[in-house]
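# coordinates only, sequence not included:
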């Protein structure tokens, strides 16, 4: 074998060996692909700030275990949006206005009641609610006092209530599915004093009461007039 051929053969063997080593080492030293797992951050409190370092948001768990999210405007110390969820299952959403006053409130309670409240200049004006027993109602307020309630009983009977001082009932209208209709006028302390009614859409009646709520006069369309005192019959007129 000539000297040139011997050199070419040795060079080929060396190249083959180097190629095998490079492949082996490359496989051993290469970084294996890493599966991208979703990032999870755990904390009891987060704060959101804008480019100027002003607090614009806050998310955390308070000492009672309630999760709260608060969002702020640029110059507001009071949250424009406040959302809370308590451990028992209730939720509360409150929206503020540009004057840093409460504007809208939505609340759900564990017992099943639902409430929506609308405010003007921080004063409650309108409330929508569904009670635990399913009775819905619309309430109108003035200076924080409920003055008018329009609602339905859980039997589906509509009723309208006007309230007076201390939110005590002053006048009440109700119409029942069985045909009964009644208008009741109450005294300042809420005691009924006069009732005008219609029974089964047929029989009219008028009742007068004393200040203790006991019937004094009952006028029926039989016709008959019944006079009572301290709840006891005094006279009946045909």
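That came through fine. Note that the structure is a prediction, hence the values are computed from the model and not measured.

# residues touching residue 95, list them.
Residue 95 makes contacts with 80, 81, 82, 102, 103, 104, 105, as judged by Cβ atoms under 8 Å, 6 or more residues apart in numbering. Placement of C-beta: from N, CA and C, glycine included.

# list the residues that contact the first one.
Residue 80 makes contacts with 71, 72, 73, 95, 96, as judged by Cβ under 8 Å, 6+ apart.

# now it: phi and psi?
Phi and psi for residue 80, reported as degrees, to the nearest 10, are phi -80, psi -30.

# before we move on, back to that, which of the contacts of residue 95 sits closest to residue 58?
Checking those against residue 58 with Cβ to Cβ, the nearest one is residue 82 at 9.6 Å.

# where does that closest one sit, in terms of helix or strand?
Under the criterion of DSSP states H and E, residue 82 resides in strand 81-85.

# residue 83 against residue 93, yeah?
Yes. Assessed by Cβ atoms under 8 Å, residue 83 is found in contact with residue 93 at 5.2 Å.

# which segments of the protein make up each domain?
Following automatic domain parsing, one gets these domains for the chain: 43-134, 144-238.

# those domains: lowest mean pLDDT?
With a mean of 84, domain 144-238 has the lowest mean pLDDT of the domains of the chain.

# quick check: residue 96 touching residue 81?
Yes. Counting by Cβ under 8 Å, residue 96 does reach residue 81; the two are 7.4 Å apart.

# and the nearest residue to residue 206 once chain neighbours are set aside, how close does it get to residue 208?
Take residue 206 and drop its neighbours on the chain: the residue closest to it by Cβ to Cβ, 6 or more residues apart in numbering is residue 219, 4.2 Å away. Counting by Cβ to Cβ, to the nearest Å, the gap from residue 219 to residue 208 is 8 Å.

# now do residue 40
From residue 40 across to residue 208, the span is 73 Å (Cβ to Cβ).

# higher neighbour count, these two?
residue 208 (15 against 5; other Cβ atoms under 10 Å).

# could you measure the more buried one against residue 124, distance?
36 Å.

# C-terminal to the helix or strand where residue 193 lies, what's the next element?
Taking DSSP H and E as the criterion, residue 193 maps to strand 192-199. Beyond strand 192-199 on the C-terminal side, the first helix or strand identified by DSSP H and E is strand 203-209.

# quick one: that next one to strand 192-199, angle?
170 degrees (axes from the mean of the first three to the mean of the last three Cα atoms, to 10 degrees).

# re the thing from before, share the number of residues neighbouring the residue nearest to residue 206, please.
Neighbours around residue 219, by other Cβ under 10 Å: 17.
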